[in-house]
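[1] Model the structure of this input:
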Amino acid sequence: MRRRDPRRLLARRRPELARVQICRPLSRNAADGSVTSRQRAEVKLRRSELDRLWTPEHLERLARTYWRFLTRVSLGILRVLYTPTSREIAVITRPFVLLRFLGPEYDIRPERGSVMWRIDKGLLVAARGRRRGYLQLAVERRPDDSGPEATVTVTSEVANFYPRIAGSGWFARIGRVVYGFTQLRLHEVVTHAFLRSLARLDLEPSVVGQLLPPEKRRRTPVSSAGD
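    Predicted coordinates for the structure are as follows:
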């Protein structure tokens, strides 16, 4: 068998252009049965590189990168299905939709940007939790940073989520423990890996191009797969 040149294998992997420090995840259970989970990372990179990336277009690309990462890390088992008004995480395809989100809502400020998807429904969502929670990605830079290196804080948060697996009534106390050791733990592992992958600064292009500048938007083909 022909031996593979290890230099070629290394060349295929995009080098890490930033340093990522993962902070300890935070989660809390509310009395009404909802769960909030937040994970945060500090990304250190060259200031010139950050200035290049600090645009609305790259916030949309970060959102697209998150969805694409879910498909890759699950080896294609989880698919993100796009419609003009929703994003669905499905096992292979419909009708096995685990989570259905409404379309993205962007909030862009000079030192901070975020994209939020409100949770609509899905197999993992309790009936009482429909349209009550959200998933949000946020990036924030330090305005007082000086020197050639800058720091960006990237936060992934699922808030006010009502997991179906947690149950209700007398079972809720047991159900929350089950949720914490299964679904929540898996979410934390995947999000940790996603935040770690940002060291390569390899953001997927968005096909929808909602936040593209006008001169680029005209050349972007219309597609149902996007941010």
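[2] Now do the buried residues in the helix or strand where His58 lies.
    Here His58 is covered by helix 56-73, with elements defined by DSSP states H and E. Residues of helix 56-73 classed as buried under the neighbour-count rule (16 or more other C-beta atoms under 10 Å) are 57-70. From N, CA and C alone the C-beta is placed, and that goes for glycine too.
[3] and if you look at stretch 159-176?
    With burial defined by 16+ other C-beta under 10 Å, the residues of stretch 159-176 counted as buried are 159, 161-164, 166-167, 175-176.
[4] Which ones among these lie within strands?
    Applying DSSP state E to the buried residues of stretch 159-176, the entries found in strands are 159, 161.
[5] Spatially, which two of the buried residues of stretch 159-176 are the most separated?
    When the buried residues of stretch 159-176 are compared pair by pair using C-beta to C-beta, the farthest-apart members prove to be Ala159 and Gly167, with a separation of 20.3 Å.
[6] re earlier: next helix or strand past the helix holding His58?
    Where DSSP H and E defines the elements, the next helix or strand beyond helix 56-73 is strand 78-83.
[7] Walk me through which strands that following strand pairs with, and which way each runs.
    Partners of strand 78-83 in the sheet, by DSSP bridges, are strand 86-91 (antiparallel).
[8] Does Ala172 touch Ser34 like I think?
    No - in this structure, Ala172 is not within contact of Ser34 by C-beta atoms under 8 Å, at 11.5 Å.
[9] contacting residues for the most centrally placed residue in the chain?
    Per C-alpha atoms, centre = their mean, the C-alpha nearest to the average position across the chain is that of Tyr66, at 3.9 Å. Taking C-beta atoms under 8 Å, 6 or more residues apart in numbering as the criterion, Tyr66 is in contact with 137, 156, 194.
[10] Any of the residues you listed buried? List them.
    Among the contacts of Tyr66, those classed as buried by 16+ other C-beta under 10 Å are 137, 156, 194.
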